[in-house]
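1. Could you work out the structure for the sequence below:
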Amino acid sequence: MNWAVLIFLGIAWGLTFPLSKIAAMSGGSPLGLTFWQNIVSGSILLVFVLWRYGSLNIDRSLFPFIIIVTFLAGIFPNVILYSAAFHIDSGILSLSVSMVPMFTYILALMVGLDRFGLLRSIGLILGFFALLVLLVPENSLPEKSDVPWVLLSLLCAVFYSLENIYIDKIKPKNVGPIKIACALSITTAGISLPISIISGQFFVPSNDNAPLFYSLVGIGVISAIGYSTFIFLIGRAGSVFAGQTGYLVTFFGIVWGILLLEEVHSYFVWTSFALIMIGIFFVRPKHNNT
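-> Residues are numbered from 1 along each chain as shown. Alright, predicted model coming up:
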């Protein structure tokens, strides 16, 4: 059962990378896409929260926490991801975001939340070489002009890592993760809406542009269901087991890109993928946090 849930998460979340590229290539703007993704996922989560708990009921003391995490996990990484998705393959995008555990470990060392470990340091070195293999060779990427966009997409991983560290540092109490996810989605939508309007990036999706409409709905639904399922898996099997989702998300992100967008990757990309997977294995925490 646990493995089935894990595989489901990998397949579902991996699908968001080609869907993001489809949305971006179909005329969606980064801020507009950020708004619609989060309004869909936030609405789904809100219905669940109201059904399960009766109200969202977030303590005011958590408002600063929610605003900060909204920018770290909602506004900044989404806008970056959608901007990069227009230029690079979805498989490369999933590969870049898979660096989150490595950046998280580096930041945890810097702020004293984790200790130095030889094997985990080897994992960081492998991650560094993986990036070199991906970025340096002439024929690694479809176009050499993709390199700046790959580097930009790595900022997504940095922001997600900052989010991990901030949450670990604050450890909000008396509120469940589903409520936090709901509040974050709604806040992200609320902040991105006026910014998208002011910047001229707001749009209204419709059936006239089916690829944009359905990819957006798909991303929003997957975001809501995926996060809820991930929380369920942590409670059922532990954080270390659930953390293996990252391997499958990256793998299926590449596979979905091949199946849906007919992406073709060089052996440099596959070598980088293998090095990152091995590096993540070394860097991941060895204890359970259930």
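2. buried set for the longest helix seen in the chain?
-> Taking DSSP state H as the assignment, the helix of the chain that covers the most residues is helix 210-237. Under the neighbour-count criterion of 16 or more other Cβ atoms under 10 Å, helix 210-237 has 212-220, 222-231, 233-234, 237 buried. From N, CA and C alone the C-beta is placed, and that goes for glycine too.
3. Please state the offset of it from the chain centre?
-> Relative to its chain's centre, helix 210-237 lies at 11 Å (Cα atoms, centre = their mean, to the nearest Å).
4. Tell me where the stretch 101-250 of the chain has helices.
-> Per DSSP state H, counting those that start in this stretch, the stretch 101-250 of the chain carries helices over the ranges 118-135, 147-170, 177-198, 210-237, 239-243, 245-261.
5. neighbours of Val204, just the number please.
-> Summarising burial for Val204: neighbours were counted as other Cβ atoms under 10 Å, giving 7.
6. Below-threshold pLDDT in the chain: ranges please.
-> 235, 238-243, 285-290 (pLDDT under 70).
7. returning to what we had before: just checking, what packs against the longest helix of the chain?
-> helix 2-25, helix 30-53, helix 177-198, helix 239-243 (3 or more Cβ pairs under 8 Å, 6 or more residues apart in numbering; DSSP states H and E).
8. Now render the ones you listed as TSV, adding distance to Asn164 and mean neighbour count.
-> Listed next are these as TSV, based on distance: least, Cβ to Cβ, whole Å; neighbours: other Cβ atoms under 10 Å:
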stretch	distance to Asn164	mean neighbour count
helix 2-25	16	21
helix 30-53	19	21
helix 177-198	13	20
helix 239-243	11	18
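9. Quick one: closest of those to Gly74.
-> Proximity to Gly74 (Cβ to Cβ) singles out helix 177-198 among the helices and strands packed on helix 210-237, at 3.3 Å.
10. That closest one vs helix 30-53, what angle?
-> 150 degrees (axes from the mean of the first three to the mean of the last three Cα atoms, to 10 degrees).
11. give the contact list for the residue nearest in space to the middle of the chain.
-> Computing the C-alpha centroid of the chain and ranking residues by Cα atoms, centre = their mean puts Val97 first, at 6.5 Å. For Val97, the contacting residues are 17, 81, 153, 156-157, 160, 250, by Cβ atoms under 8 Å, 6 or more residues apart in numbering.
12. Kindly recompute the last result at 10 Å.
-> 16-17, 77, 80-81, 84, 153-154, 156-157, 160, 246, 249-250, 253 (Cβ atoms under 10 Å, 6 or more residues apart in numbering).
13. What is the burial count for the nearest residue to Leu124 once chain neighbours are set aside?
-> In space, and not counting its chain neighbours, Leu124 is closest to Met102: 5.7 Å by Cβ to Cβ, 6 or more residues apart in numbering. When neighbours are defined as other Cβ under 10 Å, Met102 has 26 of them.
14. which of the contacts of Val97 has the most neighbours?
-> That'd be Phe17 among the contacts of Val97, by other Cβ under 10 Å, with 30 neighbours.
15. residue contacts, it?
-> By Cβ under 10 Å, 6+ apart, the contact set of Phe17 is 81, 85, 89-97, 219, 249-250, 252-254, 256-257, 260-261.
16. can you check Val283 too?
-> Per Cβ under 10 Å, 6+ apart, neighbours of Val283: 99, 101-106, 117, 119-124, 126-127.
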